[in-house]
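Q: Kindly return the folded structure for what I paste below:
(one chain, ligands or ions: 1)
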Amino acid sequence: MFDAELEEDRLRALENEYCSFGDTVHYVDRPPIFTGCDGSYMFDRDGTPYLDLQMWYSAVNFGYRNERLNNAVKRQLDTLPQVASQYLHREKIELAAMIAQDAERKFGRKGRVHFNVGGAQAIEDSLKLVRNHTGGKSLMFAFEGGYHGRTLGASAITSSYRYRRRYGHFGERAQFIEFPYHFRGPKGMSKEEYGELCVAKFARLFETEYNGVWDPKVGQAEYAAFYVEPIQGTGGYVIPPMNFFTGLKKVLDDHGILLVVDEIQMGFFRTGKMWSIEHFGVQPDVLVFGKAFTNGLNPLSGLWAREEMITPQKFPAGSTHSTFNSNPMGTGVALEAMRMMAETDYESMVKAKGAKFLDGIRWLQSRHKQIGDVDGLGLALRIEVCKAEDSFTPDKAFVDKMVDIGLAGDLEYKGQKRGLVLDIGGYYKNVITLAPSLHISEGEIDEAIELLDQLFVRVAKQG
Ligand SMILES: Cc1ncc(COP(=O)(O)O)c(C=O)c1O
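A: Residues are numbered from 1 along each chain as shown. Now for the predicted structure:
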């Protein structure tokens with residue numbers, strides 16, 4: 001007879017012996033082996049549903065096995081699944097046009113779209129674009145707490161030294177600038193005041209040549225671009241004050257520095273707008289996207305850049321060519337996803353669901369002293385877990401226990417077994433970063449709050 005437990009042990013032993021761990025996160029000691037998924041749920045081999053509140057780091061915004069998008073994959077598979085990137089196919093062209101036309105309406109600038117596979121690879125492409133446009137300048141600004149991927153170039157502009165430590169430097173690392181993370185900012189300051197302070201500290205770098213970034217005699221900065229996540233993702237879903245980016249952009253404009261917006265995690269309506277930068281009223285020079293572009297069905301990523309930077313004369317054919325760039329399976333499903341986004345009022349939907357979810361986590365905060373901070377923009381929400389004594393000192397151990405219990409799949413909802421899939425981020429790895437399906441139902445939001453409540457109670461009891 002087939003023994004599912006023995007089969008799982010066999011797979012784990014093989015993984016232990018033959019799989020590199022370098023291409024995974026292995027955040028928990030014994031990651032579950034899932035066997036199915038649907039909508040907001042993953043299923044284990046016993047059929048236990050796990051409510052997923054992270055959706056593959058926000059790559060599956062439109063729900064698991066989304067019928068419309070899965071059908072697009074099947075259609076593409078049956079028509080034109082493969083074509084070398086030296087030739088053209090309709091899906092790629094229409095997809096690029098749709099994104100560029102949308103960007104032109106929103107940012108008032110003409111531009112072009114460039115594809116790759118994976119977020120970090122698109123970041124690499126953006127670095128080439130920026131360097132090329134600025135005459136080879138290789139220095140960048142980026143934020144403390146920022147995350148842009150783990151390829152060589154991307155990890156140089158990602159704040160954590162952990163991702164560089166073993167490998168040395170392959171190019172200059174970014175200069176990391178303070179992000180207005182209000183909960184952990186100076187006391188007695190409003191969110192807006194703290195945003196203004198961060199902008200002022202950044203602007204101070206340009207006051208005199210002795211601050212190391214600016215030559216006033218020729219009016220030139222040593223730095224080419226500032227890489228930003230409008231809402232920090234891996235950094236813990238940190239939402240800056242709404243006046244922050246206008247202030248920052250003015251400093252950049254005054255000193256000829258480009259703004260590169262990384263929408264890889266927060267794009268595609270995660271925050272209630274197609275691009276999260278739209279909340280802040282500034283225009284990017286380059287915008288990078290990935291993850292939910294194909295609802296996680298194909299690792300397609302890309303970037304939009306304004307015309308002057310990316311004309312074929314300036315950034316010629318072959319600049320970053322790779323075999324699978326703009327592959328038809330990816331562009332086929334991304335085109336369908338873009339059409340779905342154009343036809344559906346995700347803006348109102350995400351706003352309403354996000355407001356309900358935020359109410360729920362505020363209620364949790366009123367019940368559990370371990371919750372130091374909650375916040376949310378659309379369906380990008382955060383719960384910062386702290387020591388109960390002061391509701392401030394980060395408590396990673398507490399949140400790790402929550403993750404383990406959620407993944408053990410023995411919570412209960414309305415008399416049925418449940419698991420909960422959570423992801424942890426934040427500067428102190430103590431923030432539950434919530435990125436549920438944008439299609440999550442009201443009932444599922446109630447379930448999420450109830451299961452989170454159970455987790456807080458259980459871990460607090462364990463002591
Ligand atoms: C903001 C941001 N940029 C870049 C990346 C890297 O993307 P990928 O993991 O597809 O290389 C990520 C991934 O989490 C991200 O969240």
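Q: closest point of the chain to the ligand, which residue?
A: The nearest approach of the chain to the ligand comes at residue 119, 2.2 Å away (Cβ to the nearest ligand atom). Where C-beta positions appear, they are placed from N, C-alpha and C, glycine not excepted.
Q: Surely that residue and residue 293 touch.
A: No. Between residue 119 and residue 293 there is no contact under Cβ atoms under 8 Å: 9.6 Å.
Q: quick one, helices of the stretch 51-200 of the chain?
A: Taking DSSP state H, counting those that start in this stretch to define them, one finds helices in the stretch 51-200 of the chain at 55-58, 67-79, 90-107, 119-133, 152-156, 191-204.
Q: residues contacting residue 287?
A: 103, 260, 261, 263, 275, 277, 303, 304, 305 (Cβ atoms under 8 Å, 6 or more residues apart in numbering).
Q: Point out where the stretch 351-463 of the chain drops to low pLDDT.
A: Within the stretch 351-463 of the chain, not a single segment meets pLDDT under 70.
Q: now the spatially most central residue of the chain, nearest residue through space, not along the chain?
A: The centroid of the chain falls nearest to residue 265 when counting by Cα atoms, centre = their mean (1.8 Å). Closest residue in space to residue 265, ignoring its immediate chain neighbours: residue 233 at 3.6 Å, by Cβ to Cβ, 6 or more residues apart in numbering.
Q: where does residue 1 land on pLDDT?
A: As predicted, residue 1 sits at a pLDDT of 63.
Q: Ok, residue 30 next?
A: Value listed for residue 30 in the pLDDT field: 84.
Q: How about residue 301?
A: pLDDT at residue 301 comes out at 98.
Q: re earlier: show me what contacts the residue nearest to residue 265?
A: 57, 58, 147, 264, 265, 266, 425, 433.
Q: what do you get if the cut-off is 10 Å, keeping everything else the same?
A: 57-58, 145-148, 262-266, 270, 276, 291, 380, 425, 433, 435 (Cβ atoms under 10 Å, 6 or more residues apart in numbering).
Q: on that earlier part again, make JSON lines out of the helices of the stretch 51-200 of the chain and add distance to residue 32, mean neighbour count and mean pLDDT.
A: Formatted as JSON lines, these follow (distance: least, Cβ to Cβ, whole Å; neighbours: other Cβ atoms under 10 Å; pLDDT from 0 to 100):
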{"stretch": "helix 55-58", "distance to residue 32": "14", "mean neighbour count": "23", "mean pLDDT": "97"}
{"stretch": "helix 67-79", "distance to residue 32": "23", "mean neighbour count": "15", "mean pLDDT": "98"}
{"stretch": "helix 90-107", "distance to residue 32": "34", "mean neighbour count": "18", "mean pLDDT": "98"}
{"stretch": "helix 119-133", "distance to residue 32": "24", "mean neighbour count": "24", "mean pLDDT": "98"}
{"stretch": "helix 152-156", "distance to residue 32": "28", "mean neighbour count": "21", "mean pLDDT": "97"}
{"stretch": "helix 191-204", "distance to residue 32": "38", "mean neighbour count": "17", "mean pLDDT": "98"}
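Q: what's across from residue 262 in the sheet?
A: Following DSSP bridges, residue 262 is listed with bridge partners residue 288.
Q: That one contacts residue 289, doesn't it?
A: Yes. With contacts counted by Cβ atoms under 10 Å, residue 262 reaches residue 289, the gap being 8.5 Å.
Q: What is the burial count for residue 47?
A: 9 (other Cβ atoms under 10 Å).
Q: what's the distance between it and residue 8?
A: Distance, residue 47 to residue 8, using Cβ to Cβ, to the nearest Å: 14 Å.
Q: do the same with residue 367
A: For residue 367 relative to residue 8 (Cβ to Cβ), the value is 36 Å.
Q: Neighbour count: these two, which is higher?
A: residue 8 (15 against 11).
Q: Buried residues of stretch 336-348, list them for me.
A: Going by neighbour count (16 or more other Cβ atoms under 10 Å), the buried part of stretch 336-348 is 336, 337, 338, 340, 341, 346.
Q: do stretch 206-222 as well
A: Buried residues in stretch 206-222 (16+ other Cβ under 10 Å): 206, 213, 214, 221.
Q: As TSV, these with pLDDT and distance to the ligand would be great.
A: What follows is those, written out as TSV (pLDDT from 0 to 100; distance: Cβ to the nearest ligand atom, whole Å):
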residue	pLDDT	distance to the ligand
206	98	26
213	98	24
214	98	28
221	98	24
